[in-house]
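>>> Prediction below, plus the sequence it came from.
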Amino acid sequence: MVLRQLSMAPRSRSQLERKLRQCGCDDEVAAKVLDRMTEIGLVDDEAYAQMLVRSKQSDKGLARRALAHELRKQGIDQEIADDALGQVGAGDERVRAEQLVAKKLRSMRGLTPEVQTRRLAGLLARKGYSGEVAWPIIRDAVDGLPEHRRD
């Protein structure tokens, strides 16, 4: 069961425990199996957390707050999660937010600045960006558009 789960995608120990419990596996047997898988390196929460942070941050553009939530949801220990989140610096987060805003603005030509601002704020909020990071980026991006510049 564990090997089949791991062959589909990397999993955290907590996810595998839940899956074994769903299938009616005894908790003691599950613990022994997972201990052995951890011992031989097939289950590694640290590597899983690092991979999850890298992929979610680069593919989906999630901020530290959203990444922390994702790691908690996957059952990753807080200390391991903090180490994995250490990869994401404030500068990286700001750059990624700017990229998300620039990409979204391309599809919002012709809308009023208020609508653009509201939609961009919603986008960044859903991705876990704080207002401190989001608002200056949104303001600069919307004000910098040629269609909103004063003659």
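Thanks, I have the structure now. These numbers were taken from a predicted model, which means no experiment stands behind them.

>>> what's the following helix or strand after the longest helix anywhere in the chain?
The helix that spans the most residues within the chain, counting by DSSP state H, is helix 90-106. Using DSSP states H and E, the helix or strand that follows helix 90-106 in sequence is helix 113-126.

>>> What are the buried residues along that following helix?
116-117, 119-121, 123-124 (16 or more other C-beta atoms under 10 Å). (C-beta placed from N, C-alpha, C; glycine too.)

>>> so can I have TSV of those residues showing distance to Asp59 and pLDDT?
TSV is the format used below for the buried residues of helix 113-126 (distance: C-beta to C-beta, whole Å; pLDDT from 0 to 100):
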residue	distance to Asp59	pLDDT
Gln116	24	93
Thr117	26	94
Arg119	21	95
Leu120	20	95
Ala121	22	96
Leu123	15	95
Leu124	16	95
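
>>> what would these look like in a markdown table with distance to Arg4?
What follows is the buried residues of helix 113-126, written out as a markdown table (distance: C-beta to C-beta, whole Å):
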| residue | distance to Arg4 |
| --- | --- |
| Gln116 | 47 |
| Thr117 | 48 |
| Arg119 | 42 |
| Leu120 | 42 |
| Ala121 | 43 |
| Leu123 | 37 |
| Leu124 | 38 |
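
>>> And those, which is closest to Leu145?
Of all the buried residues of helix 113-126, Leu145 sits closest to Gln116, with 8.0 Å by C-beta to C-beta.

>>> Surely the closest one and Ser107 touch.
No - with contact defined as C-beta atoms under 8 Å, Gln116 does not count as touching Ser107 (10.3 Å).

>>> so what's Gln74 closest to, chain neighbours aside?
Spatially, and ignoring its direct neighbours in sequence, Gln74 is nearest to Ser12 (4.9 Å; C-beta to C-beta, 6 or more residues apart in numbering).

>>> Could you do Ala30 as well?
Closest residue in space to Ala30, ignoring its immediate chain neighbours: Leu20 at 4.2 Å, by C-beta to C-beta, 6+ apart.

>>> Run through the residues that contact Arg64.
By C-beta atoms under 8 Å, 6 or more residues apart in numbering, the contact list for Arg64 reads 85, 88, 93, 128.
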